[in-house]
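K.L.:
Sequence plus the predicted model coming up.
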Amino acid sequence: MFLPTLASLFFLSSATVRASPCVAFDANWNLLAFGLNGKDWNAGTQDTWSSSTPATDITASNRPPFDAANTTCYLSQYANAIYAINADSKNPSSLYIYDAAAKSWSTQAVTAGSFDYTSFGAILDHDTNVFYALSQGNLFSLDMGLLKAANSTPLNWVNDEQVPYPSGYVPVMALAQNHIHFLDVPNVPAGSADIFVIHYSYFQPQPQAYPLSNGSAFPATYGQVASFFQADNTVQQEFAFIPADSSATYIINVETNTTQALAAPTTKDSKATYFAGVTALVQLTSNGAVSYLPYLEGNTSTNVAATWATVSNLATAAPPSSSSSSGGSSGNASGSHSATSPSSTTTSGATLGASIQYSMLTACVLGLAAIVV
């Protein structure tokens, strides 16, 4: 009779899949999903998402493993490139670049300095193609130039200044009009944001209010954000805010200083991530399900009536798992992300994978002991 050894049982348990996928648009508004079921996919433009024909497999060599705790992806619209941070658990400081036109990956070396990859929120500024990130109470920057492929010279996270927030603040950062909008800031009222002006490098002294038409306000709470791009490649003017309880979808317009309240995500998932294009807000849940909310800038009546729908061709190509917590990333999207979230709502992919692995190993050892006895 074959009796498995402890080593072989550990090997089997090590097969646990640790995934931290992300979604992003390319500059032609094809929806890309990275790390779903171990592969990468192109779901095409919005008019094809309801198709039962599977999304196209675009898995290529030199891609990251998407196995870190919190992968975050960003679109550089000018370069038509996707930048992936925290996509490789063995090389956390490496920044992976996907050239959407060439369909190829390259790895950019980055010097972290005092930047903490385990605790940060970040946006990728549209016009300058510079990352701005809040980490451990400091605002950092990382200049990407117009890279769509890595170069041989390491880039550097530069510690620019200390932010005027308490040490416990978990950043919720949104990008619009080359301004960073900080939500859920202590002592800032609901429906308002603190603003950092990128081109002048200063914090506005007073928060900006974005009321709803009925006089109410989006809540002062942690959540996810995603900035809507413009088809003509100009700066973003609106961003979505989804509270961690998935109670609603708020669209904030920084031109009119107003907010719309739209349909709440069908799937309530505090660990879901979001990415916005021009005419859709996309949700990636922690079990790998992808859905979207259609959106038309300036068309209030159409937006209020819009409902969330499944991206069917991705579901066909990479069916979501039955688990509701398969290690989704804890980030925002569309140029703004947070790799941290309140501990009560976050379970990282690496932590979950390790817990499952330990549980499987324990069960296997107990089973082996029972057989031997």
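P.N.:
Nice, I can see it.
K.L.:
Quick one: distance of stretch 232-240 to the chain centre.
P.N.:
What separates the centre of stretch 232-240 from the centre of its chain is 17 Å, taken as CA atoms, centre = their mean, to the nearest Å.
K.L.:
Between the two ends of it, how far is it?
P.N.:
Between the opening and closing residues of stretch 232-240 there is a gap of 20 Å (CA to CA, to the nearest Å).
K.L.:
which residues are contacting it?
P.N.:
By CB atoms under 8 Å, 6 or more residues apart in numbering, the surrounding residues in contact with stretch 232-240 are 27, 77-78, 126-127, 174-178, 181, 225-230, 249-255, 274, 276, 281, 297, 334-336. Where C-beta positions appear, they are placed from N, C-alpha and C, glycine not excepted.
K.L.:
Buried subset of those, written for PyMOL?
P.N.:
The PyMOL selection below is limited to those of the contacts of stretch 232-240 classed as buried (16 or more other CB atoms under 10 Å):
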select buried, resi 27+77+126+174+175+176+177+178+181+225+226+227+228+229+249+250+251+252+253+254+274+276+281+334+335+336
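K.L.:
The contacts of stretch 232-240 in strands, which ones?
P.N.:
Judged by DSSP state E, the subset of those located in strands is 174-176, 181, 225-228, 249-253, 274, 276, 281, 336.
K.L.:
buried sites along stretch 261-278?
P.N.:
Buried residues in stretch 261-278, counting neighbours by 16+ other CB under 10 Å, are found at 261-262, 264-267, 269-277.
K.L.:
How much space separates the closest residue in space to residue 179 that isn't next to it in sequence from residue 127?
P.N.:
Nearest residue to residue 179, sequence neighbours excluded (CB to CB, 6 or more residues apart in numbering): residue 195, at 5.1 Å. In this view, residue 195 and residue 127 are 16 Å apart by CB to CB, to the nearest Å.
K.L.:
Then residue 182?
P.N.:
19 Å.
K.L.:
do the same with residue 79
P.N.:
Using CB to CB, we find residue 79 at a distance of 13 Å from residue 127.
K.L.:
ok, now residue 20?
P.N.:
Distance of residue 20 to residue 127, computed by CB to CB: 29 Å.
K.L.:
cool, and residue 107?
P.N.:
26 Å.
K.L.:
same check, this time on residue 116
P.N.:
27 Å.
K.L.:
Kindly report the same for residue 169.
P.N.:
26 Å.
K.L.:
Check residue 133 too.
P.N.:
Using CB to CB, one gets 17 Å for the distance from residue 133 to residue 127.
K.L.:
With residue 288 instead?
P.N.:
Separation of residue 288 from residue 127 (CB to CB): 33 Å.
K.L.:
May I ask which helix or strand of this structure has the lowest mean pLDDT?
P.N.:
When each helix and strand of the chain is scored by mean pLDDT, DSSP states H and E, helix 6-13 comes last, with a mean of 35.
K.L.:
Name the SS class of residue 302, please.
P.N.:
With DSSP: H, G, I helix; E, B strand; the rest coil as the basis, residue 302 sits in helix.
K.L.:
residues near the closest residue to it other than its chain neighbours, how many?
P.N.:
Nearest residue to residue 302 in three dimensions, chain neighbours excluded: residue 296, at 5.3 Å (CB to CB, 6+ apart). Per other CB atoms under 10 Å, the neighbour tally for residue 296 reads 13.
K.L.:
just for the stretch 251-373 of the chain, where's the confidence low?
P.N.:
For the stretch 251-373 of the chain, the stretches with pLDDT under 70 are 323-373.
K.L.:
switch to 50 and redo it
P.N.:
By pLDDT under 50, the low-scoring segments of the stretch 251-373 of the chain are 325-333, 343-373.
K.L.:
in it, which spans are strands?
P.N.:
All strands of the stretch 251-373 of the chain, identified by DSSP state E, counting those that start in this stretch, fall at 258-262, 273-276, 280-284, 290-294, 309-310, 336-338.
K.L.:
angle of the fourth one against strand 258-262?
P.N.:
Read that as strand 290-294. On the basis of axes from the mean of the first three to the mean of the last three CA atoms, to 10 degrees, strand 290-294 is oriented at 120 degrees to strand 258-262.
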